[in-house]
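Trainee: Following is a predicted model, sequence given first.
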Amino acid sequence: MSITTDICIIGAGPVGLFAVFEAGLLKMRCHLIDALPQVGGQLSEIYPKKPIYDIPGFPEIKAQELVDNLMKQIEPFKPTFTLGEKVSGLEKHDVGFTVTTTDATEVQCKVVVIAGGLGCFEPRKPELANLERFEGRGVTYMVKDPEHFRAKKLVIAGGGDSALDWTIHLADIAEEITLIHRNETFRGAPDSAEKVFELARQQRVKLMLSTNLQSLNGNGVLKSVVYEDKNKNTGEIEADFLIPLYGLSPKLGPIADWNLNLDKNAIVVNTFDYSTSVDGIFAIGDINTYPGKLKLILSGFHEAALMAQSAFKFVYPDQKLSFKYTTVNGVNAF
Amino acid sequence: MVTFHVEDQSGNSRHLEAPVDMSLSLMEFLKASDYNILATCGGMALCATCHVTVLDGEQNLSPANDTEMDMIDTLPNAKASSRLACQIRISPQLQDVRFRLMEGE
(Lines give C-alpha, C1' and ligand atoms only; values in the text may rest on other atoms or scores of the structure.)
Protein backbone atom coordinates (compact mmCIF):
# COMPACT_ATOMS: atom_id res chain seq x y z
CA MET A 1 0.00 0.00 0.00
CA SER A 2 1.38 3.40 -0.96
CA ILE A 3 0.27 6.72 0.52
CA THR A 4 1.26 10.21 -0.56
CA THR A 5 0.99 13.07 1.90
CA ASP A 6 2.72 16.27 2.95
CA ILE A 7 3.82 15.25 6.43
CA CYS A 8 4.33 11.73 7.75
CA ILE A 9 3.98 11.74 11.53
CA ILE A 10 5.51 8.77 13.32
CA GLY A 11 3.56 8.29 16.52
CA ALA A 12 -0.14 8.98 17.05
CA GLY A 13 0.06 10.06 20.69
CA PRO A 14 -1.31 13.42 21.84
CA VAL A 15 1.59 15.39 20.38
CA GLY A 16 1.47 13.61 17.02
CA LEU A 17 -2.28 14.22 16.88
CA PHE A 18 -1.98 17.91 17.73
CA ALA A 19 0.71 18.27 15.06
CA VAL A 20 -2.05 17.44 12.54
CA PHE A 21 -3.96 20.50 13.76
CA GLU A 22 -1.01 22.86 13.54
CA ALA A 23 -0.06 21.48 10.11
CA GLY A 24 -3.69 21.68 8.99
CA LEU A 25 -3.92 25.38 9.79
CA LEU A 26 -1.10 25.80 7.28
CA LYS A 27 -2.82 23.60 4.68
CA MET A 28 -0.48 20.67 5.12
CA ARG A 29 -1.95 17.16 5.04
CA CYS A 30 -0.75 14.49 7.47
CA HIS A 31 -0.53 10.73 7.62
CA LEU A 32 0.18 9.13 11.00
CA ILE A 33 1.82 5.77 11.68
CA ASP A 34 1.71 4.06 15.06
CA ALA A 35 2.82 0.64 16.24
CA LEU A 36 -0.21 0.44 18.53
CA PRO A 37 -3.56 -0.60 17.09
CA GLN A 38 -5.25 2.60 18.30
CA VAL A 39 -4.43 6.30 18.47
CA GLY A 40 -3.49 8.03 21.71
CA GLY A 41 -0.09 6.52 22.45
CA GLN A 42 0.62 5.85 26.11
CA LEU A 43 -2.47 7.83 27.15
CA SER A 44 -4.80 5.29 25.55
CA GLU A 45 -2.58 2.25 26.00
CA ILE A 46 -1.27 2.69 29.53
CA TYR A 47 -3.38 5.12 31.53
CA PRO A 48 -6.65 5.95 29.70
CA LYS A 49 -8.54 6.60 32.94
CA LYS A 50 -5.86 8.59 34.75
CA PRO A 51 -6.65 12.26 35.21
CA ILE A 52 -4.17 14.79 33.80
CA TYR A 53 -4.00 18.14 35.59
CA ASP A 54 -1.60 20.22 33.50
CA ILE A 55 -3.38 20.62 30.19
CA PRO A 56 -4.02 24.37 29.82
CA GLY A 57 -7.73 25.12 30.05
CA PHE A 58 -8.61 21.74 31.59
CA PRO A 59 -8.39 21.71 35.41
CA GLU A 60 -8.68 17.93 35.11
CA ILE A 61 -9.13 15.68 32.11
CA LYS A 62 -8.90 11.90 31.77
CA ALA A 63 -6.18 10.77 29.38
CA GLN A 64 -8.60 9.07 26.97
CA GLU A 65 -10.88 12.13 26.95
CA LEU A 66 -7.94 14.27 25.90
CA VAL A 67 -7.21 11.86 23.05
CA ASP A 68 -10.88 11.87 22.00
CA ASN A 69 -10.92 15.68 22.07
CA LEU A 70 -7.75 15.85 19.99
CA MET A 71 -9.28 13.50 17.41
CA LYS A 72 -12.29 15.81 17.24
CA GLN A 73 -10.06 18.87 16.97
CA ILE A 74 -8.09 17.47 14.00
CA GLU A 75 -11.09 15.97 12.21
CA PRO A 76 -11.46 19.00 9.84
CA PHE A 77 -8.01 18.23 8.47
CA LYS A 78 -8.89 14.61 7.58
CA PRO A 79 -5.68 12.92 8.72
CA THR A 80 -5.09 9.36 7.54
CA PHE A 81 -3.68 6.60 9.72
CA THR A 82 -1.65 3.41 9.53
CA LEU A 83 -2.13 1.76 12.91
CA GLY A 84 -0.64 -1.44 14.30
CA GLU A 85 2.42 -1.20 12.07
CA LYS A 86 5.96 -0.32 13.07
CA VAL A 87 8.09 2.01 11.03
CA SER A 88 11.00 0.04 9.66
CA GLY A 89 12.77 2.22 7.10
CA LEU A 90 13.36 5.73 5.88
CA GLU A 91 14.73 6.76 2.52
CA LYS A 92 15.67 10.37 1.82
CA HIS A 93 15.21 11.62 -1.73
CA ASP A 94 16.27 14.89 -3.36
CA VAL A 95 12.82 16.14 -2.42
CA GLY A 96 11.03 14.37 0.39
CA PHE A 97 11.16 10.93 1.94
CA THR A 98 9.74 7.43 1.73
CA VAL A 99 8.80 5.94 5.09
CA THR A 100 8.15 2.19 5.14
CA THR A 101 6.57 -0.03 7.78
CA THR A 102 7.08 -3.64 8.80
CA ASP A 103 3.87 -4.48 6.90
CA ALA A 104 5.22 -2.91 3.69
CA THR A 105 3.11 0.27 3.82
CA GLU A 106 4.95 3.05 1.98
CA VAL A 107 4.39 6.72 2.75
CA GLN A 108 5.76 9.31 0.33
CA CYS A 109 6.07 12.66 2.07
CA LYS A 110 7.88 15.96 2.04
CA VAL A 111 8.46 16.14 5.79
CA VAL A 112 8.88 13.51 8.53
CA VAL A 113 7.83 14.36 12.06
CA ILE A 114 8.91 11.91 14.74
CA ALA A 115 6.48 12.09 17.65
CA GLY A 116 7.36 8.66 18.95
CA GLY A 117 7.03 9.34 22.68
CA LEU A 118 8.80 6.65 24.66
CA GLY A 119 9.67 4.84 21.44
CA CYS A 120 8.36 1.48 20.46
CA PHE A 121 8.12 -1.28 23.00
CA GLU A 122 10.53 -4.12 22.27
CA PRO A 123 11.17 -7.38 24.12
CA ARG A 124 13.55 -7.10 27.06
CA LYS A 125 16.49 -9.46 26.65
CA PRO A 126 18.31 -11.47 29.31
CA GLU A 127 22.00 -10.81 29.79
CA LEU A 128 23.54 -13.93 28.32
CA ALA A 129 26.97 -13.87 26.74
CA ASN A 130 26.17 -15.48 23.40
CA LEU A 131 22.47 -14.57 23.18
CA GLU A 132 22.61 -12.72 19.86
CA ARG A 133 24.32 -15.64 18.15
CA PHE A 134 21.23 -17.73 18.76
CA GLU A 135 18.55 -15.13 17.98
CA GLY A 136 16.46 -16.59 15.17
CA ARG A 137 18.38 -19.87 15.65
CA GLY A 138 16.45 -21.12 18.62
CA VAL A 139 16.04 -17.95 20.68
CA THR A 140 12.81 -16.09 20.00
CA TYR A 141 11.14 -13.33 22.00
CA MET A 142 7.57 -13.83 20.87
CA VAL A 143 5.21 -16.57 19.90
CA LYS A 144 3.70 -15.67 16.54
CA ASP A 145 2.56 -19.12 15.47
CA PRO A 146 2.28 -21.74 18.25
CA GLU A 147 2.42 -24.49 15.61
CA HIS A 148 6.05 -23.55 15.02
CA PHE A 149 6.77 -25.18 18.39
CA ARG A 150 4.87 -28.42 17.82
CA ALA A 151 6.76 -31.46 19.13
CA LYS A 152 9.74 -29.30 20.07
CA LYS A 153 11.63 -28.98 23.34
CA LEU A 154 11.01 -25.52 24.76
CA VAL A 155 12.42 -23.47 27.59
CA ILE A 156 10.35 -20.45 28.58
CA ALA A 157 11.94 -17.90 30.92
CA GLY A 158 10.08 -15.28 32.94
CA GLY A 159 7.41 -14.97 35.58
CA GLY A 160 4.87 -12.50 34.25
CA ASP A 161 1.52 -13.07 32.61
CA SER A 162 2.88 -13.77 29.16
CA ALA A 163 5.34 -16.41 30.45
CA LEU A 164 2.51 -18.12 32.34
CA ASP A 165 -0.02 -17.85 29.51
CA TRP A 166 2.32 -19.20 26.85
CA THR A 167 3.47 -22.03 29.11
CA ILE A 168 -0.16 -23.09 29.52
CA HIS A 169 -0.94 -22.70 25.83
CA LEU A 170 2.16 -24.47 24.57
CA ALA A 171 1.99 -27.32 27.10
CA ASP A 172 -0.29 -29.27 24.70
CA ILE A 173 1.75 -28.45 21.64
CA ALA A 174 5.38 -28.85 22.64
CA GLU A 175 7.08 -32.19 23.22
CA GLU A 176 8.63 -30.89 26.41
CA ILE A 177 8.35 -27.54 28.13
CA THR A 178 10.37 -26.07 30.99
CA LEU A 179 9.48 -22.81 32.70
CA ILE A 180 12.40 -21.08 34.40
CA HIS A 181 11.60 -18.31 36.86
CA ARG A 182 13.98 -16.56 39.21
CA ASN A 183 11.47 -16.38 42.11
CA GLU A 184 9.54 -18.95 44.13
CA THR A 185 6.21 -17.32 43.30
CA PHE A 186 4.55 -15.69 40.32
CA ARG A 187 3.15 -12.18 40.23
CA GLY A 188 1.08 -12.93 37.14
CA ALA A 189 -2.67 -13.67 37.33
CA PRO A 190 -3.28 -16.13 40.21
CA ASP A 191 -5.49 -18.32 37.97
CA SER A 192 -2.70 -18.72 35.44
CA ALA A 193 -0.13 -19.40 38.16
CA GLU A 194 -2.39 -22.10 39.63
CA LYS A 195 -2.79 -23.70 36.18
CA VAL A 196 0.98 -23.78 35.73
CA PHE A 197 1.46 -25.41 39.15
CA GLU A 198 -1.21 -27.96 38.19
CA LEU A 199 0.54 -28.71 34.87
CA ALA A 200 3.76 -29.17 36.82
CA ARG A 201 2.03 -31.62 39.20
CA GLN A 202 0.81 -33.55 36.14
CA GLN A 203 4.41 -33.48 34.86
CA ARG A 204 3.29 -31.79 31.64
CA VAL A 205 5.46 -28.78 32.48
CA LYS A 206 8.82 -28.85 34.20
CA LEU A 207 8.86 -25.93 36.60
CA MET A 208 12.20 -24.57 37.75
CA LEU A 209 11.75 -21.86 40.39
CA SER A 210 14.47 -19.75 42.00
CA THR A 211 16.50 -20.52 38.92
CA ASN A 212 18.32 -18.24 36.51
CA LEU A 213 19.47 -18.65 32.93
CA GLN A 214 23.23 -18.84 32.73
CA SER A 215 24.35 -19.60 29.19
CA LEU A 216 23.38 -21.13 25.88
CA ASN A 217 25.01 -23.95 23.97
CA GLY A 218 24.76 -25.06 20.39
CA ASN A 219 26.66 -25.26 17.18
CA GLY A 220 24.95 -22.71 14.96
CA VAL A 221 21.54 -23.54 16.37
CA LEU A 222 20.45 -23.78 19.99
CA LYS A 223 20.99 -27.20 21.56
CA SER A 224 20.77 -26.57 25.29
CA VAL A 225 20.22 -24.00 27.99
CA VAL A 226 22.43 -23.87 31.09
CA TYR A 227 20.81 -22.72 34.34
CA GLU A 228 21.84 -22.03 37.89
CA ASP A 229 19.53 -22.81 40.81
CA LYS A 230 19.32 -21.10 44.20
CA ASN A 231 22.00 -23.40 45.64
CA LYS A 232 24.33 -22.26 42.85
CA ASN A 233 24.16 -25.70 41.24
CA THR A 234 24.22 -25.58 37.47
CA GLY A 235 22.47 -27.89 35.06
CA GLU A 236 21.72 -28.20 31.38
CA ILE A 237 18.39 -28.65 29.60
CA GLU A 238 18.18 -29.82 26.00
CA ALA A 239 16.18 -27.25 24.05
CA ASP A 240 15.16 -26.52 20.48
CA PHE A 241 13.87 -23.13 21.54
CA LEU A 242 14.39 -20.65 24.34
CA ILE A 243 11.59 -18.10 24.66
CA PRO A 244 12.60 -15.34 27.12
CA LEU A 245 9.44 -13.45 28.13
CA TYR A 246 10.66 -10.58 30.29
CA GLY A 247 8.17 -7.95 29.23
CA LEU A 248 8.68 -5.00 26.92
CA SER A 249 10.97 -2.05 27.16
CA PRO A 250 10.69 1.21 25.22
CA LYS A 251 13.39 1.63 22.58
CA LEU A 252 14.03 4.04 19.74
CA GLY A 253 13.94 1.11 17.33
CA PRO A 254 14.98 1.68 13.69
CA ILE A 255 14.92 5.47 14.23
CA ALA A 256 18.27 4.99 15.98
CA ASP A 257 19.78 4.13 12.57
CA TRP A 258 18.60 7.24 10.73
CA ASN A 259 21.79 9.24 11.31
CA LEU A 260 20.03 11.65 13.66
CA ASN A 261 22.01 13.17 16.52
CA LEU A 262 21.01 11.28 19.65
CA ASP A 263 21.57 11.78 23.34
CA LYS A 264 20.67 8.98 25.76
CA ASN A 265 18.02 7.46 23.51
CA ALA A 266 16.43 10.84 22.70
CA ILE A 267 16.67 12.86 19.47
CA VAL A 268 18.62 16.09 19.75
CA VAL A 269 16.68 19.01 18.23
CA ASN A 270 17.12 22.71 17.56
CA THR A 271 14.61 24.59 19.71
CA PHE A 272 14.07 27.14 16.93
CA ASP A 273 11.75 24.69 15.18
CA TYR A 274 12.44 21.25 16.72
CA SER A 275 14.32 20.20 13.60
CA THR A 276 16.75 17.30 13.86
CA SER A 277 20.22 17.06 12.37
CA VAL A 278 18.64 15.80 9.10
CA ASP A 279 16.96 18.42 6.92
CA GLY A 280 13.20 17.79 6.68
CA ILE A 281 12.99 15.57 9.76
CA PHE A 282 11.57 17.06 12.96
CA ALA A 283 11.17 15.47 16.40
CA ILE A 284 8.55 16.63 18.89
CA GLY A 285 7.25 15.47 22.25
CA ASP A 286 8.87 13.04 24.68
CA ILE A 287 11.22 11.59 22.07
CA ASN A 288 13.30 14.75 21.65
CA THR A 289 15.79 16.41 23.94
CA TYR A 290 17.23 19.91 24.28
CA PRO A 291 18.53 22.00 27.18
CA GLY A 292 15.68 22.48 29.63
CA LYS A 293 13.47 19.81 28.04
CA LEU A 294 10.37 18.94 30.04
CA LYS A 295 8.54 15.76 29.08
CA LEU A 296 5.09 17.33 29.22
CA ILE A 297 2.20 17.09 26.78
CA LEU A 298 1.92 20.87 26.80
CA SER A 299 5.58 21.21 25.79
CA GLY A 300 4.91 18.81 22.92
CA PHE A 301 1.96 20.94 21.76
CA HIS A 302 4.18 24.01 21.67
CA GLU A 303 6.86 22.08 19.78
CA ALA A 304 4.24 20.95 17.23
CA ALA A 305 3.22 24.55 16.54
CA LEU A 306 6.78 25.72 15.92
CA MET A 307 7.62 22.64 13.87
CA ALA A 308 4.69 23.35 11.52
CA GLN A 309 5.97 26.84 10.75
CA SER A 310 9.28 25.41 9.51
CA ALA A 311 7.76 22.34 7.85
CA PHE A 312 5.78 24.76 5.65
CA LYS A 313 8.85 25.68 3.61
CA PHE A 314 9.44 22.03 2.68
CA VAL A 315 5.81 21.54 1.61
CA TYR A 316 5.31 24.91 -0.12
CA PRO A 317 8.84 26.05 -1.01
CA ASP A 318 7.53 28.86 -3.25
CA GLN A 319 5.03 30.35 -0.82
CA LYS A 320 5.51 32.87 1.92
CA LEU A 321 3.96 31.96 5.24
CA SER A 322 1.94 34.53 7.11
CA PHE A 323 0.90 33.75 10.66
CA LYS A 324 -2.85 33.84 11.36
CA TYR A 325 -4.92 33.43 14.51
CA THR A 326 -7.79 30.92 14.55
CA THR A 327 -9.90 33.63 16.25
CA VAL A 328 -9.52 35.74 13.10
CA ASN A 329 -9.50 33.07 10.44
CA GLY A 330 -11.33 30.14 12.02
CA VAL A 331 -10.37 26.58 11.15
CA ASN A 332 -10.66 26.06 7.43
CA ALA A 333 -11.25 22.40 6.79
CA PHE A 334 -9.75 20.65 3.78
CA MET B 1 19.17 17.06 53.82
CA VAL B 2 19.86 13.34 53.72
CA THR B 3 23.08 11.54 52.86
CA PHE B 4 23.24 8.22 51.06
CA HIS B 5 25.73 6.30 48.93
CA VAL B 6 25.57 5.48 45.26
CA GLU B 7 27.78 3.09 43.35
CA ASP B 8 27.63 3.65 39.58
CA GLN B 9 27.79 1.06 36.79
CA SER B 10 31.59 1.27 36.76
CA GLY B 11 31.84 0.63 40.49
CA ASN B 12 32.66 4.23 41.53
CA SER B 13 31.08 5.05 44.86
CA ARG B 14 29.99 8.50 46.03
CA HIS B 15 28.27 10.04 49.03
CA LEU B 16 25.35 12.17 47.89
CA GLU B 17 23.52 14.79 49.87
CA ALA B 18 19.97 15.49 48.75
CA PRO B 19 17.22 17.82 49.90
CA VAL B 20 14.25 16.05 51.51
CA ASP B 21 11.78 18.90 51.04
CA MET B 22 11.62 19.10 47.25
CA SER B 23 9.47 16.05 46.61
CA LEU B 24 12.14 14.48 44.42
CA SER B 25 12.43 10.85 43.49
CA LEU B 26 15.79 9.12 43.68
CA MET B 27 15.72 8.83 39.86
CA GLU B 28 15.24 12.58 39.45
CA PHE B 29 18.04 13.32 41.88
CA LEU B 30 20.42 10.85 40.20
CA LYS B 31 19.68 12.31 36.77
CA ALA B 32 20.27 15.81 38.10
CA SER B 33 23.55 14.54 39.55
CA ASP B 34 24.64 13.45 36.04
CA TYR B 35 24.40 9.73 36.57
CA ASN B 36 23.95 7.66 33.44
CA ILE B 37 20.26 6.86 33.80
CA LEU B 38 17.89 6.96 30.83
CA ALA B 39 14.63 7.22 32.80
CA THR B 40 12.82 6.95 29.47
CA CYS B 41 9.31 6.91 30.92
CA GLY B 42 9.86 9.88 33.19
CA GLY B 43 8.99 8.13 36.43
CA MET B 44 5.92 6.01 35.74
CA ALA B 45 7.56 2.63 36.49
CA LEU B 46 7.15 1.67 32.85
CA CYS B 47 10.66 1.29 31.48
CA ALA B 48 12.85 0.11 34.39
CA THR B 49 15.81 2.07 33.04
CA CYS B 50 16.35 3.45 36.57
CA HIS B 51 16.82 -0.04 38.03
CA VAL B 52 18.95 -0.02 41.21
CA THR B 53 19.79 -2.58 43.85
CA VAL B 54 19.96 -1.73 47.52
CA LEU B 55 23.28 -2.91 48.95
CA ASP B 56 22.65 -1.75 52.47
CA GLY B 57 19.68 -0.37 54.40
CA GLU B 58 16.86 -1.91 52.39
CA GLN B 59 14.79 -2.29 55.55
CA ASN B 60 14.72 1.50 55.97
CA LEU B 61 12.92 2.08 52.68
CA SER B 62 9.17 2.05 52.14
CA PRO B 63 8.29 -1.24 50.47
CA ALA B 64 7.71 -1.33 46.71
CA ASN B 65 4.10 -1.06 45.60
CA ASP B 66 2.47 -3.48 43.15
CA THR B 67 3.27 -1.43 40.04
CA GLU B 68 6.94 -1.34 40.95
CA MET B 69 7.03 -5.02 41.95
CA ASP B 70 5.31 -6.06 38.71
CA MET B 71 7.88 -4.19 36.65
CA ILE B 72 10.85 -5.50 38.65
CA ASP B 73 9.50 -9.01 38.30
CA THR B 74 9.83 -8.81 34.52
CA LEU B 75 13.49 -7.80 34.58
CA PRO B 76 15.90 -10.53 33.57
CA ASN B 77 18.64 -9.14 35.82
CA ALA B 78 16.48 -8.43 38.88
CA LYS B 79 17.84 -9.24 42.34
CA ALA B 80 16.01 -9.70 45.63
CA SER B 81 17.03 -6.13 46.54
CA SER B 82 16.03 -4.56 43.20
CA ARG B 83 14.11 -1.28 43.20
CA LEU B 84 13.17 1.36 40.66
CA ALA B 85 14.76 4.67 41.60
CA CYS B 86 11.76 6.56 40.19
CA GLN B 87 9.54 5.00 42.85
CA ILE B 88 11.81 5.89 45.80
CA ARG B 89 11.16 9.29 47.39
CA ILE B 90 14.11 11.30 48.67
CA SER B 91 13.30 11.29 52.37
CA PRO B 92 15.12 10.98 55.72
CA GLN B 93 14.60 7.20 55.41
CA LEU B 94 17.40 7.15 52.84
CA GLN B 95 20.04 8.14 55.42
CA ASP B 96 23.13 5.92 54.96
CA VAL B 97 21.39 3.61 52.48
CA ARG B 98 23.70 2.23 49.75
CA PHE B 99 22.43 1.90 46.19
CA ARG B 100 24.04 0.37 43.14
CA LEU B 101 22.97 1.44 39.65
CA MET B 102 22.28 -1.53 37.42
CA GLU B 103 23.54 -1.73 33.86
CA GLY B 104 21.39 0.33 31.52
CA GLU B 105 19.68 -1.41 28.65
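Mentor: Happy to help now that I have it.
Trainee: can you give me the strands for chain B?
Mentor: B:2-7, B:13-18, B:51-56, B:82-84, B:98-101 (DSSP state E).
Trainee: JSON lines please, covering those strands and showing mean pLDDT and distance to A:Tyr274.
Mentor: Glycine gets a C-beta too; all of them are placed from N, C-alpha and C. Listed next are the strands of chain B as JSON lines, based on pLDDT from 0 to 100; distance: least, C-beta to C-beta, whole Å:
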{"stretch": "strand B:2-7", "mean pLDDT": "97", "distance to A:Tyr274": "34"}
{"stretch": "strand B:13-18", "mean pLDDT": "95", "distance to A:Tyr274": "33"}
{"stretch": "strand B:51-56", "mean pLDDT": "96", "distance to A:Tyr274": "30"}
{"stretch": "strand B:82-84", "mean pLDDT": "96", "distance to A:Tyr274": "30"}
{"stretch": "strand B:98-101", "mean pLDDT": "96", "distance to A:Tyr274": "31"}
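Trainee: Nearest spatial neighbour of the residue of chain A at minimum distance from chain B, chain-adjacent residues omitted?
Mentor: Using C-beta to the nearest C-beta, the single residue of chain A nearest to chain B is A:Gly247, 3.3 Å away. Leaving aside its chain neighbours, A:Gly247 sits nearest to B:Thr74 (3.3 Å; criterion: C-beta to C-beta, 6 or more residues apart in numbering or on different chains).
Trainee: So the helix or strand harbouring A:Leu242, near chain B or not?
Mentor: If you go by DSSP states H and E, A:Leu242 is part of strand A:241-244. Yes: Strand A:241-244 is in contact with chain B by C-beta under 8 Å from any C-beta of the partner chain, via A:Pro244.
Trainee: Give me the packing partners of the longest helix anywhere in chain A, helices and strands only.
Mentor: What stands out as the longest helix in chain A, according to DSSP state H, is helix A:297-315. Applying 3 or more C-beta pairs under 8 Å, 6 or more residues apart in numbering or on different chains; DSSP states H and E, one finds that helix A:297-315 contacts helix A:14-25, strand A:111-114, strand A:281-283.
Trainee: thinking again about what came up before, what comes into contact with the strand holding A:Leu242?
Mentor: A:123-126, A:134, A:138-143, A:149, A:152-158, A:166, A:213, A:216, A:222, A:225, B:76 (C-beta atoms under 8 Å, 6 or more residues apart in numbering or on different chains).
Trainee: where in the chain is pLDDT low?
Mentor: Just going to use chain A. Nowhere does chain A drop to pLDDT under 70.
Trainee: You answered for a different chain; I wanted chain B.
Mentor: Short version for chain B, where the test is pLDDT under 70: B:104-105.
Trainee: In it, which residue is most central in space?
Mentor: Centrality entry for chain B: nearest residue to the mean C-alpha point is B:Ala85, 2.7 Å, by C-alpha atoms, centre = their mean.
Trainee: Let me know the distance separating that one from B:Glu68.
Mentor: Separation of B:Ala85 from B:Glu68 (C-beta to C-beta, to the nearest Å): 10 Å.
Trainee: what's the answer for B:Lys79, then?
Mentor: Counting by C-beta to C-beta - B:Lys79 and B:Glu68 are separated by 14 Å.
Trainee: Same drill for the two, tell me which one is more crowded.
Mentor: Counted by other C-beta atoms under 10 Å in any protein chain shown, B:Lys79 and B:Glu68 do not tie: B:Glu68 has more neighbours, with 18 against 15.
Trainee: Nearest spatial neighbour of the more buried one, chain-adjacent residues omitted?
Mentor: B:Gln87 (4.4 Å).
Trainee: for that neighbour, what are its contacts?
Mentor: B:25, B:45, B:64-65, B:67-68.
Trainee: and it, how far is that from A:Leu222?
Mentor: Distance from B:Gln87 to A:Leu222, by C-beta to C-beta: 36 Å.
Trainee: With A:Ile284 instead?
Mentor: 42 Å.
Trainee: what about the residue in chain B that chain A sits nearest to, neighbour count?
Mentor: When distances are taken as C-beta to the nearest C-beta, chain B reaches nearest to chain A at B:Thr74, 3.3 Å away. A total of 22 residues lie near B:Thr74 under the criterion other C-beta under 10 Å.
Trainee: A:Val95 now?
Mentor: A:Val95 - counted by other C-beta under 10 Å - has 9 other residues nearby.
Trainee: Quick check: which element contains it?
Mentor: Under DSSP H and E, no helix or strand contains A:Val95.
Trainee: List the residues that contact it.
Mentor: A:Lys110.
Trainee: now the one 3 residues further on
Mentor: A:Thr98 makes contacts with A:89-91, A:106-109, as judged by C-beta under 8 Å, 6+ apart.
Trainee: would you list the residues you listed in a markdown table and tack on distance to chain B?
Mentor: A markdown table is the format used below for the contacts of A:Thr98 (distance: C-beta to the nearest C-beta, whole Å):
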| residue | distance to chain B |
| --- | --- |
| A:Gly89 | 23 |
| A:Leu90 | 22 |
| A:Glu91 | 27 |
| A:Glu106 | 29 |
| A:Val107 | 26 |
| A:Gln108 | 31 |
| A:Cys109 | 27 |
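Trainee: Quick check: bridge partners of the residue nearest to the spatial centre of chain A?
Mentor: Centre of chain A computed as the mean C-alpha position; nearest residue by C-alpha atoms, centre = their mean is A:Cys120, 1.7 Å away. With DSSP bridges applied, A:Cys120 shows beta-bridge pairing to A:Lys251.
Trainee: In this structure it contacts A:Ser88, no?
Mentor: No: using C-beta atoms under 8 Å, A:Cys120 is not in contact with A:Ser88; the gap is 10.5 Å.
Trainee: give me the number of residues near A:Phe149?
Mentor: For A:Phe149, using other C-beta under 10 Å, the count is 21.
Trainee: separation between it and B:Glu103?
Mentor: From A:Phe149 to B:Glu103 the distance is 31 Å (C-beta to C-beta).
Trainee: where does the stretch 151-300 of chain A come near chain B, residue by residue?
Mentor: A:157-160, A:182-183, A:187, A:213, A:244, A:246-247, A:249-251, A:264-265, A:286, A:295.
Trainee: buried subset of those?
Mentor: Burial by neighbour count, judged by 16 or more other C-beta atoms under 10 Å in any protein chain shown, picks out A:157-160, A:182, A:187, A:213, A:244, A:246-247, A:249-251, A:265, A:286, A:295 from those.
Trainee: quick one on the thing from earlier: export the helices and strands packed on helix A:297-315 as TSV, with columns for mean neighbour count.
Mentor: Listed next are the helices and strands packed on helix A:297-315 as TSV, based on neighbours: other C-beta atoms under 10 Å in any protein chain shown:
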stretch	mean neighbour count
helix A:14-25	27
strand A:111-114	28
strand A:281-283	27
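Trainee: Reformat the ones you listed as a markdown table; add distance to A:Ile55.
Mentor: Output for those, formatted as a markdown table (distance: least, C-beta to C-beta, whole Å):
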| stretch | distance to A:Ile55 |
| --- | --- |
| helix A:14-25 | 9 |
| strand A:111-114 | 21 |
| strand A:281-283 | 22 |
